[in-house]
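Trainee: got a predicted structure here, sequence first:
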Amino acid sequence: MVINFNNVPGTREEMLALQEKGLLWTVRHAYENCDFYRKKLDDAGVSPDDIRRLDDITRLPFTEKQDLILSEFMPLRGLQGKRRSPIIPARILMIGWK
């Protein structure tokens, strides 16, 4: 899914619809393509079908820095004990509207 943020919708409703579409796509993509996030969601008892609207974001489990360091998923795994950049958690972009 590609979102062109140079052409951001003009109304609040359009922006919320775009954010909802992005959330649904991201959760399903992570679940279907990454064992780490599939396990994380399964352990929390959440499936992509449970996420239907933006308010459902509260059902998603947090991913902590330590989760990523200890997982086999992580390309950062080799950085243990070395200086590294802070991990910025993925969030739904809350872009202002006109």
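Mentor: That came through fine. Residues are numbered from 1 along each chain as shown.

Trainee: ok, which stretches of this protein are helices?
Mentor: Using DSSP state H, the helices of the chain run over residues 12-33, 35-43, 65-70.

Trainee: can you give me the buried ones in the first one?
Mentor: Along helix 12-33, the positions that meet the burial threshold by neighbour count (16 or more other CB atoms under 10 Å) are Met15, Leu18, Gln19, Glu20, Leu23, Leu24, Thr26, Val27, Ala30, Tyr31. For glycine as for every other residue, the C-beta is placed from the backbone atoms N, C-alpha and C.

Trainee: out of those residues, who's nearest Tyr37?
Mentor: When the buried residues of helix 12-33 are ranked by distance to Tyr37 (CB to CB), Ala30 comes first, at 4.0 Å.

Trainee: the residue nearest to the closest one when sequence neighbours are not counted - how many residues pack around it?
Mentor: Of all residues beyond its chain neighbours, the one nearest Ala30 is Tyr37 (4.0 Å), with distances taken as CB to CB, 6 or more residues apart in numbering. If you count neighbours by other CB atoms under 10 Å, Tyr37 ends up with 20.

Trainee: same deal with Thr11?
Mentor: Neighbour tally, Thr11, other CB under 10 Å: 10.

Trainee: returning to that earlier point: closest to Ile57 out of the buried residues of helix 12-33?
Mentor: Checking these against Ile57 with CB to CB, the nearest one is Leu23 at 6.2 Å.
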